[in-house]
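Asker: Here is a sequence together with a model predicted from it:
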Amino acid sequence: MKIRVMVVDDHKMFREGLRALISGEPDMEVVGEAADGREAIEMARKLAPDVVVMDMKMPVMSGIDATRNLVKEMPGMRVLVLSMYSSDHLSESVLEAGASGYVLKGCDFEELAAAIRCVCQDSRPLSAKIH
């Protein structure tokens, strides 16, 4: 059975690129995309993805707030934050909100794909470059 992934980022081209890369993995499928946290919550209710790959800084509702809402409402869902911010403080905040992992946007796709698989196995992947 494939890992059902939803991609949430406010940049359309970035979402499309992630969709293409993730869809190329034999054990994953992208079931939806959202441009902000509020839309992510609405879509997740309908699509029930296994993993939500979530940007942190977005308009309307931040990734931190969306994560907090998603894991409260749908406890089995995993949120993997994909962010350009490498601060310990930010990664700690989103993990406290319920995220299952934190990966930097500067990582190789192989690291992101491995992180998606890890959160499905209840591991908590963190990028090595967080400081």
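Answerer: Good, I have the coordinates.
Asker: and Lys80, that one's in a strand?
Answerer: That one is not Lys; residue 80 is Leu. Yes. Counting by DSSP: H, G, I helix; E, B strand; the rest coil, Leu80 is found in a strand.
Asker: so it sits right up against Ala99, yeah?
Answerer: Yes. Using C-beta atoms under 8 Å, Leu80 makes contact with Ala99 at a distance of 7.0 Å. To be clear about C-beta, it is placed using only N, CA and C from the backbone, and glycine gets the same treatment.
Asker: what sits in contact with each of those two?
Answerer: By C-beta atoms under 8 Å, 6 or more residues apart in numbering, Leu80 and Ala99 have these common neighbours: Met54.
Asker: Can you give me the end-to-end span of stretch 79-96?
Answerer: Stretch 79-96 has its terminal residues 12 Å apart, counting by C-alpha to C-alpha, to the nearest Å.
Asker: The residue nearest the centre of the chain: what secondary structure?
Answerer: Most central in the chain under C-alpha atoms, centre = their mean is Val53, positioned 1.7 Å from the mean C-alpha point. Put simply, Val53 is strand when judged by three-state DSSP.
Asker: okay but it is in contact with Leu82, surely?
Answerer: Yes. At 5.3 Å, Val53 counts as touching Leu82 under the criterion of C-beta under 8 Å.
Asker: Mutual contacts of the two, please.
Answerer: Common neighbours of Val53 and Leu82 (C-beta under 8 Å, 6+ apart) are Leu112.
Asker: Quick check: pLDDT value at Met84.
Answerer: What the model reports as pLDDT for Met84 is 85.
Asker: Any regions of the chain where pLDDT drops low?
Answerer: 87-90, 125-131 (pLDDT under 70).
Asker: can you give me the helices in it?
Answerer: 12-23, 37-47, 63-73, 88-96, 109-120 (DSSP state H).
Asker: Tell me the helices and strands packed up against the last one.
Answerer: Applying 3 or more C-beta pairs under 8 Å, 6 or more residues apart in numbering; DSSP states H and E, one finds that helix 109-120 contacts strand 3-8, helix 12-23, strand 51-54, strand 78-83, strand 101-104.
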